[in-house]
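Novice: Model the structure of this input:
(one chain, ligands or ions: 2)
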Amino acid sequence: MILALAGGVGGAKLAQGLAMVLPSEKLTVVVNTGDDFEHLGLSISPDLDTVLYTLAGLNDTARGWGLAGETWAFMDAMERLGGETWFRLGDKDLATHVERTRRLKTESLSTVIDDFRKRLGIGCRIAPMSDDPVRTVVQTQQGRLPFQDYFVRLQCAPEVRGFEFSGIASAKPSAGFIAALDAPDLEAVIICPSNPFVSVSPILGLPGVKERLAKRKVPIVAVSPIIGGEAVKGPAAKMFKELGLAVTQESVAGFYGDLLDGFVIDERDANSAARITGPRVKVAQTLMRDTEAKAALARQVLDFSGTLRS
Ligand code: GDP
Ligand code: CA
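Specialist: Ligands and ions are numbered 1, 2, ... in the order given. So this is what the prediction gives:
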């Protein structure tokens, strides 16, 4: 069994690759819920939805988020009424939020997501990191900002000073997450190329997760979200800079520290391999432009983690 830890876009790309090359019963994808929020009366889980839509092949690859073939009648009508439109909710996407919100009155997020993924034809397990609310707060020059205010409304413009994960101390890893961490047949943990600060940190920061990982003698392998000193998408590189860190593979490896047994970096950064101390380094083509590239990288990551097994 392979446990993949994922945020949204970058995480979903590698998760889709893993889902293509592994039998579905051998993969569990655990997803960040620190980005979740309540908006227009709806419970929104951006990273879970990105993973669901991507693994179902329903995602909009051009826009980079949401569903393909989306329409915006709801947003247009909202705008006419003077309602809030800074967070875009497409008409089809809206069904996900309305149905999730209704079901959360009597069911856990885990149960709802498990049912959604089955209905969308996804074979592997997908679990939220927790069923308890964890809310990322970005500490910026302009003060503390709820994650979606920072990320969507202010388009990551405020300078970052640090992060808080409100609620994390009393949040429990979800049953699906614990089952994967404790699975007798667990072979490896793959940290997808997601934003280390706001997508992976909340997952690893849940009480007991690092302790459980340390007890398991399975390789932990991260794929870097940084390529050639830049993020493929999103604020990861900007965050490294604003926190006073160089945007290098050494910084990404340093962020994860001794948690990692293996670290996968892009061909463009091959010369930084020698400067990384700690994890074994694998150089690969890590830019996932299409499904073939996702599957190819997934295969390489799995082969690499196989060589790290003692
Ligand atoms: P978000 O929650 O939607 O922001 O997505 P994630 O946190 O899962 O992923 C964001 C990170 O994915 C960014 O730092 C990107 O650099 C990285 N990323 C996106 N696409 C790719 C890719 O094809 N290859 C690699 N290596 N990283 C990627
Ligand atoms: Ca996210």
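
Novice: all contacts plus neighbour counts: C-alpha atoms, from now on.
Specialist: Noted.

Novice: what distance separates the start and the end of stretch 27-39?
Specialist: 32 Å (C-alpha to C-alpha, to the nearest Å).

Novice: ok, and what's touching it?
Specialist: Residues lying outside stretch 27-39 but in contact with it, judged by C-alpha atoms under 8 Å, 6 or more residues apart in numbering, are 1-8, 15, 18-19, 43-48, 51, 124-130, 133-136, 147-148, 165, 176-177, 180, 198-200, 202-203.

Novice: Would you mind writing the CA trace of stretch 1-20 as CSV?
Specialist: Taking Å, rounded to 0.1, in the frame of the first residue of the first chain, the C-alpha atoms of stretch 1-20 are listed here in CSV:
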residue,chain,number,x,y,z
MET,A,1,0.0,0.0,0.0
ILE,A,2,1.2,3.5,-0.9
LEU,A,3,0.1,6.5,1.1
ALA,A,4,0.3,9.8,-0.9
LEU,A,5,0.0,13.1,0.9
ALA,A,6,-1.4,15.9,-1.3
GLY,A,7,-2.6,19.4,-1.5
GLY,A,8,-4.5,20.7,-4.6
VAL,A,9,-3.1,21.1,-8.1
GLY,A,10,0.5,19.8,-7.7
GLY,A,11,-0.6,17.0,-5.4
ALA,A,12,-3.5,15.9,-7.6
LYS,A,13,-1.2,15.6,-10.6
LEU,A,14,1.1,13.1,-9.0
ALA,A,15,-1.8,11.4,-7.3
GLN,A,16,-3.4,10.9,-10.7
GLY,A,17,-0.1,9.4,-11.9
LEU,A,18,0.0,7.0,-9.0
ALA,A,19,-3.6,6.1,-9.6
MET,A,20,-2.7,5.2,-13.2
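
Novice: Using neighbour counts, pick out the buried residues of that stretch.
Specialist: Neighbour counts using 16 or more other C-alpha atoms under 10 Å place 1-20 of stretch 1-20 among the buried residues.

Novice: Give me every residue in the stretch 151-300 of the chain lying close to ligand 1.
Specialist: Taking C-alpha under 6 Å from any ligand atom, the part of the stretch 151-300 of the chain that reaches ligand 1 is made up of 193-195, 199, 224-226, 231-234, 236, 286-289.

Novice: Now a ChimeraX select for only the buried ones of those.
Specialist: Selecting just the buried residues from those in ChimeraX takes one command, with 16+ other C-alpha under 10 Å as the test:
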select :193,194,195,199,224,225,226,231,232,234,236,286,287,288
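
Novice: wait, which of the residues of the stretch 151-300 of the chain next to ligand 1 is closest to Leu58?
Specialist: For Leu58, the nearest member of those is Arg289. The distance, counting by C-alpha to C-alpha, is 16.1 Å.

Novice: how much space between the closest one and ligand 2?
Specialist: Computed as C-alpha to the ion, to the nearest Å, the Arg289 to ligand 2 distance reads 19 Å.

Novice: Brilliant, that's me finished.
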